[in-house]
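>>> structure of the sequence below:
(4 chains)
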There are 2 protein chains.
Amino acid sequence: MYSVNMKAEHLHRLVWMSRPLMQAAEACVEAGLAGTGLTVRMRAVLEILHQSGEQTVPEIAARLEIKRQYVQVMCNETLASGFVEQRPNPRHKRSPFLALTDQGRSLIEQIISKELALMAELGADLDSQDIARALDVVCAVTDRLRKQGSPEE
Amino acid sequence: MYSVNMKAEHLHRLVWMSRPLMQAAEACVEAGLAGTGLTVRMRAVLEILHQSGEQTVPEIAARLEIKRQYVQVMCNETLASGFVEQRPNPRHKRSPFLALTDQGRSLIEQIISKELALMAELGADLDSQDIARALDVVCAVTDRLRKQGSPEE
DNA sequence: TTCATATTGACACTATACATGTCAACTTGA
DNA sequence: TCAAGTTGACATGTATAGTGTCAATATGAA
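I've put the predicted structure just below:
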């Protein structure tokens, strides 16, 4: 019963670390973006297109779990940057695919590898297993909190 | 060289989970606050006063790492709720201490214990050690990202 | 004791990151 | 072919926080 309380307390603190972690991470990402002409949200679009290939705006919105209308704005900005271009979508003529240009692909790859290098540096003295399990724990907790927050059955 | 990349990748994903985790957590906290008349930010004020005792607004701002002017607004709201009251501050006459009222103390204790119960439930099948280490990893990474983001030397 | 400097509370304004609502144009599928 | 759905565009709303400024006051060093 002692360790049960400790466990819940640790979990509670872990959950509440999400905000400071996010803020620190965003500040770093932003710093890393300096000079590229990208904003954090444009980076998010590039990353999704890099991970999952060409997609329509509504598909990107679904993946990011934010509203279509806002993603539309993000994507329009990104299109204007020249790192992304439209391609015909045979399944829907009004909703073209967005795809990375060569420039965009090279940029996002460079950004991500820079970020990974930073991660390698920051995590140098951390245990690989611990990190892998931390990821599992965080994913599990996030999932369950989501179900808790909006029970859809 | 293989595991080094895996490690960085896991860390990268862990860091990027911070936003979904935070959003899920906030939704849950908000749901748990329903009926209390508290908002998430009022809860934050109560929690700090509960953890660290009576403090002035600028002290709370320093602890939350958000701007004094915004914390002032949060605290004014919280004061209006009756869960917090002003007490004379011998060190500074214009800046009274804020302290929990009995009602406020009982409310925040009730809220936190409810949250801890939820954590215990969500973490039931997670390993205690893993959670403790996940917390350590997240704290370490947050610290280092902060130093990275704003190198002050 | 006095006075320059700092702190505090209050208020106004701005910015960001979304949500919401609406609409017309178009597409799809029955 | 036509009703129903999808998409892009735009306008507006809201929550969270940052910034700037000011007057009142407090503090601490001379």
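
>>> just give the nearest non-adjacent residue to residue A:27, would you?
In this structure, residue A:27 finds its nearest non-sequential neighbour in residue B:149, 3.7 Å apart by Cβ to Cβ, 6 or more residues apart in numbering or on different chains. Where C-beta positions appear, they are placed from N, C-alpha and C, glycine not excepted.

>>> burial count for that neighbour?
Using other Cβ atoms under 10 Å in any protein chain shown, residue B:149 has 17 neighbouring residues.

>>> repeat for residue A:67
So residue A:67, with other Cβ under 10 Å, has 10 neighbours.

>>> okay, it and residue A:58: tell me how far apart.
Using Cβ to Cβ, to the nearest Å, we find residue A:67 at a distance of 10 Å from residue A:58.

>>> so is stretch A:58-65 next to DNA strand D?
Yes: under the criterion of Cβ under 7 Å from any atom of the strand, stretch A:58-65 makes contact with DNA strand D via residue A:58.

>>> in that stretch, what counts as buried?
Within stretch A:58-65, the residues that qualify as buried are A:59-61, A:64, counting by 16 or more other Cβ atoms under 10 Å in any protein chain shown.

>>> any idea of the mean pLDDT in that stretch?
Stretch A:58-65 carries an average pLDDT of 95.

>>> stretch A:102-115 vs chain B: in contact?
Yes: residues of stretch A:102-115 contacting chain B under Cβ under 8 Å from any Cβ of the partner chain: A:112, A:115.

>>> run through who's touching that stretch.
Residues outside stretch A:102-115 that contact it (Cβ atoms under 8 Å, 6 or more residues apart in numbering or on different chains): A:29, A:32-33, A:36, A:38, A:43, A:46-47, A:49-50, A:81-84, A:100, B:12.

>>> over to stretch A:140-153?
Residues contacting stretch A:140-153 (Cβ under 8 Å, 6+ apart): A:11, A:14-15, B:17, B:20-21, B:24-25, B:27-28, B:31, B:118, B:122-123, B:126.

>>> show the buried residues in these.
So, of the contacts of stretch A:140-153, A:11, A:14-15, B:17, B:20-21, B:24-25, B:27-28, B:118, B:122-123, B:126 end up buried under the neighbour-count rule (16+ other Cβ under 10 Å).
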